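*Asks:* below are the sequence and a predicted model for it; my questions follow.
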Amino acid sequence: MSSATAGRPHGRTRSTASLRHRLAERGIDVSLLMLLPALVVAIGLFVYPFSYGIGLTFQPTPATQEQWGGGVLANYLAFFKDPFVFNSVWLTMRLALPAALFNVLASVPMAFKLRKRFRGKKLLTTLLVLPITLGTVLTAQGLLIFAGRQGWLNRFLIQIGVIHDPLPLVNNYVGVFLSLVISGFPFAFLLISSYLSGIDPSIEAAAKTMGAGWGQRFRRVVLPLLAPGLATTFILTFVLAFSVFPSARLVGDASGATRVMALMAYRAFGEQTDYPMASTIALMMGVVELLVIALVLLWRSFLYKGSTGGKG
Amino acid sequence: MTITASKFQSLELRGVGRSFGGVDALVGLDLTVRAGEFIALLGPSGCGKSTALNCLAGLLPLTHGQILVDGTRVDTVAAENRDFGMVFQNYALFPHLTVERNIAFGLQMRKVPKAELKRRVAEAIALVKLEQHATKLPGQLSGGQQQRVAIARAVVMEPRLVLMDEPLSNLDAKLRLEMRTEIRRLHQSLGLTTIYVTHDQEEALSMADRLVVLREGRVQQIGTPEELHNHPANWHVADFMGYRNLVDLDVVSVDGPNVTVAGNGVTLHGTAVGAVTPGTAVRAAIRPEDLVVVSPSLPVRGGNTAKATVSVVEYHGREFAVGVTTPGGQLLHVRSDHAPAVGSTVELTADPARVLVYPLALTGAAALSDEENELLEVRR
C-alpha cells in the first residue's frame, strides 16, 4: 500500500520507499517505458504494413472482380478457384513437409552420435553447422555447379562408368529439396542437440540397469522426453522450408514442380502488379503454415512437457 | 511380503580396475561379497568408489580384472542383463512416468505377466509407503519421496545385488537419518545384498556390515565398522574415520607395539600400527574424544602429557569441544569436562593405547594389490 497520508484519519508515517518501489507495489514497472521506441518501430514497420496488406486483400482489382466475381472477396475466390494458384499450396507442401521431416529425423541419430565424447567431435560439429553461414543463393549456386548436368558430380559419375546420362539433380524438385536440406539440417541438428543434452544421461543408465535394451530405452524413455523438442524443431524447419523462394527459382523448376507459394505471390506482385492478389497469396501462405503449426502443437499438447533432468 | 532377493552365494571382484585414457580411477579391487551382506564403499570424492559401482552395474566396462557371481563371469554381461538394481545419486527417475509406471518399468522390460506386475508394483509402493502418491509424476514429489521411488524401483526387480550411489547426499540432515534406517530395514527384511557408495563415514559405519575404504583408486582397508573405527590401517583411513588430530613426530624408541614419539617439545607414548623404526618420521592419530584436558576427574594417563593454549571452546551438551594450539603452532581438537578459559594454558593427556602411530608412507603392503607388490619386488 502507498503511504500517501493526506486523507488518512490516523496519519501513518510517510513511506521512505522510493517512487519506483511504491509504483512497483501497485504493479507499475516504470522501466517498461524503455520499450516504447521498439514498440513504435514495430508498429510502424510491421503492424501497420501487415494490417495494410490484409486490407489490400479485400480491395481486389477490377480485373479480378470481373473474372471471379464475389465483390470484396474476389481475391480469395480467385485463390481457391484458380487451379494455377491453388495448386501451389500442394506444391509447396510437397517440398516443405518432406524436407522438414527429413531434417528432423536425420538430426536425431546425428545428435545422438555427437553426444558422446570422441576425437574430432568439434570438427564434425563445425562441418555439420557450417551451412548455416552460407546464404541460400550461395548454396544454390554451389548446387548448380556441383550437381548440374555439366557439374563435377555428373561428369565424375559418367567418367567412372556408373551412369551414362547425367542425373537430373537441379532445376527440378530434387534440387530444391537438396537446398532445403543443406540450409535446414544445421538448424534442426543444433536444436535437437541442445534438447538431447537436456536429458540427464543417468535416466538412460537407470533404464539400462532395469533391463531395457537400446531400442526400448529409445522408444520408452528418450523419445517421450525428446518429442516436444522434435515438435518445436519440426515447426521451425517447416516454416523455414515453406517460405522457400530463392532456391525454388535458382535450382528449381519455377514454372513446374517447384512453383511454390512465395513464387506465386512474387509473380502477382512483380509481373502482374496485382498487389491485392499478391497480398492474398502471402496471407494464405501464413494461414497454411499456421494450420500445420496448430496441428503439431495439438499433438505436442498430449505429450509430457516437464523437466527432463532426473530430479524433476 | 513376497518381494525377496534372488539368491546367490558370493560375488567376487578380482583385481577390478578402470582407467580413463591412461589415468587410473580404480586399481586392483579385490573383494568377496557374501549374499545378504551390506558393503559400503567409502572414500573422499574422486577416490574411485563411484567408478567401482558403475563397473559393477555394467555402465562402465572394466579395463582390468573380473567380476564373478558364484564363479560365473558377469563383467562381460551387458548392464541390461546383469540383474543388478541400481539407485542413482540424482535418483534418475523417468520424469514422464508416474510413480507406479516408474516402478513397473523394469518388470515390463522383463515381460512379467500383468497380474503379477500389478501385485508386485503395489507391494513395492507399500514397502516405501508411497500409496498416496502412486499416480503422481516424480516432479510432484519431494526429494525424500523421489528417493523412495528410486529404491522401490530397484528392489521390485528382486535383484541379485542392489547398488546405491550416494543415495542420501541430496537430502537434508533429518531426512538422511530417516532414510538411513529405512534402507537398512529394507536390506534386512528383503534379504538384499547391497553395495553402498558414500563419502560419509558416519553413514557407512552405521549401515554397513563391512566397509571398503578407497583412496585415489586404491583400497586402503577392508573391514567391519568396528575394525575400521578402532584399528585404521593407515593414517589416511584414520583421518577418514574421525581421527581428526594428526601430528607429525619422530620415533624415539620402539618396544614391541609400544612406541615413544617426540617432536616440537612434546613426547608421547603410543601404539604402533605398521612398521616403525627409531629415528623415522611418523604420524600420530588421536580422536578428539581420546585427547582430553586434564582435570581432577580426568587424570594423566600412561604418562602422556602435553601443554597447549586454548583457542576455541564449544559447548556440546555433555562435554566441551575445545580447540587448542600447541607450542609448535598446530591446532588440535580435544574434549574437556569443564570449560577452560580461552587463552589459558591447559594440560592434555591421552591413553597410549588410543594414540595410533603410523608410518608416513601410505603405500604399505596391505594397501597394494598382488600385482603391484610383484612390481615393487622387481624394482628392488
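*Replies:* Happy to help now that I have it.

*Asks:* show me the shaky parts of the chain.
*Replies:* In the absence of a named chain, chain A is used. Judged by pLDDT under 70, chain A has its weakly predicted residues at A:1-12, A:308-312.

*Asks:* um, chain B though
*Replies:* B:1-6, B:363-380.

*Asks:* now do 80
*Replies:* Applying pLDDT under 80 to chain B flags the ranges B:1-7, B:264-265, B:361-380.

*Asks:* how does it divide up, domain by domain?
*Replies:* B:10-230, B:245-375 (automatic domain parsing).

*Asks:* burial count for residue B:349?
*Replies:* For residue B:349, the number of neighbouring residues by other Cβ atoms under 10 Å in any protein chain shown comes to 21. Quick note: C-beta positions are derived from backbone N, CA and C, even for glycine.

*Asks:* please tell me how far it sits from residue B:267.
*Replies:* Per Cβ to Cβ, to the nearest Å, residue B:349 is found 12 Å from residue B:267.

*Asks:* same question for residue A:290.
*Replies:* Computed as Cβ to Cβ, the residue A:290 to residue B:267 distance reads 89 Å.

*Asks:* ok, how many other residues are close to residue 31?
*Replies:* You didn't pick a chain, so chain A it is. Burial measure for residue A:31: 8 neighbouring residues, criterion other Cβ under 10 Å.

*Asks:* I was after chain B.
*Replies:* Residues within reach of residue B:31, counting by other Cβ under 10 Å, total 19.

*Asks:* same question, the one 4 residues further on
*Replies:* A count of nearby residues for residue B:35, using other Cβ under 10 Å, gives 18.

*Asks:* what sits against it?
*Replies:* The neighbourhood of residue B:35, defined by Cβ atoms under 8 Å, 6 or more residues apart in numbering or on different chains, consists of B:5, B:7, B:8, B:9, B:10, B:191, B:193.

*Asks:* of all residues in chain B, which one is nearest the centre?
*Replies:* residue B:42 (2.8 Å; Cα atoms, centre = their mean).

*Asks:* how close does residue B:302 get to residue B:213?
*Replies:* Counting by Cβ to Cβ - residue B:302 and residue B:213 are separated by 28 Å.

*Asks:* try residue A:298
*Replies:* Relative to residue B:213, residue A:298 is positioned 57 Å away (criterion: Cβ to Cβ).

*Asks:* chain A contacts on chain B?
*Replies:* Residues of chain B found near chain A (Cβ under 8 Å from any Cβ of the partner chain) are B:57-59, B:79-86, B:88, B:90-96, B:105-106, B:109-110, B:137-141, B:143, B:146, B:153-154, B:157, B:163, B:170.

*Asks:* quick one: what helix or strand has residue B:67 in it?
*Replies:* Mapping residue B:67 onto the secondary structure by DSSP states H and E places it in strand B:64-69.

*Asks:* list the buried residues in that strand.
*Replies:* By neighbour count on 16 or more other Cβ atoms under 10 Å in any protein chain shown, the buried set for strand B:64-69 is B:64, B:65, B:67, B:69.

*Asks:* starting at the chain centroid, how far to the top helix by length along chain A?
*Replies:* Across chain A, the longest stretch assigned as helix under DSSP state H is helix A:83-113. Using Cα atoms, centre = their mean, to the nearest Å, we find the averaged C-alpha position of helix A:83-113 to lie 11 Å away from the chain's own average C-alpha position.

*Asks:* got it, and stretch B:145-164?
*Replies:* The gap between where stretch B:145-164 is centred and where its chain is centred comes out at 20 Å by Cα atoms, centre = their mean.

*Asks:* how long is that stretch end to end?
*Replies:* Distance between the two ends of stretch B:145-164: 16 Å, counting by Cα to Cα, to the nearest Å.

*Asks:* which residue is the nearest non-sequential neighbour of residue 94?
*Replies:* The chain I'm using is chain A. Counting by Cβ to Cβ, 6 or more residues apart in numbering or on different chains, residue A:173 is the residue found nearest to residue A:94 once chain neighbours are left out, at 7.8 Å.

*Asks:* not what I meant, chain B
*Replies:* Nearest-residue entry for residue B:94: residue B:102, 5.3 Å, with adjacent residues in sequence omitted and distances by Cβ to Cβ, 6+ apart.

*Asks:* ditto for residue A:243
*Replies:* Taking Cβ to Cβ, 6+ apart as the measure, residue A:243 lies nearest to residue A:262, with 5.8 Å between them; neighbours along the chain are not counted.

*Asks:* what about that neighbour, how many neighbours?
*Replies:* Residue A:262, neighbours per other Cβ under 10 Å, totals 20.

*Asks:* tell me which of residue B:302 and residue B:213 has more neighbours.
*Replies:* The neighbour count for residue B:302 versus residue B:213, taken as other Cβ under 10 Å, is higher for residue B:213 (28 against 16).

*Asks:* from chain A, how far off is that one?
*Replies:* With distances taken as Cβ to the nearest Cβ, to the nearest Å, residue B:213 is found 25 Å from chain A.

*Asks:* can you list the buried residues in the lengthiest helix in chain B?
*Replies:* As assigned by DSSP H, the longest helix anywhere in chain B is helix B:173-190. Neighbour counts over helix B:173-190 (16+ other Cβ under 10 Å) mark B:175, B:176, B:179, B:180, B:182, B:183, B:184, B:186, B:187, B:190 as buried.
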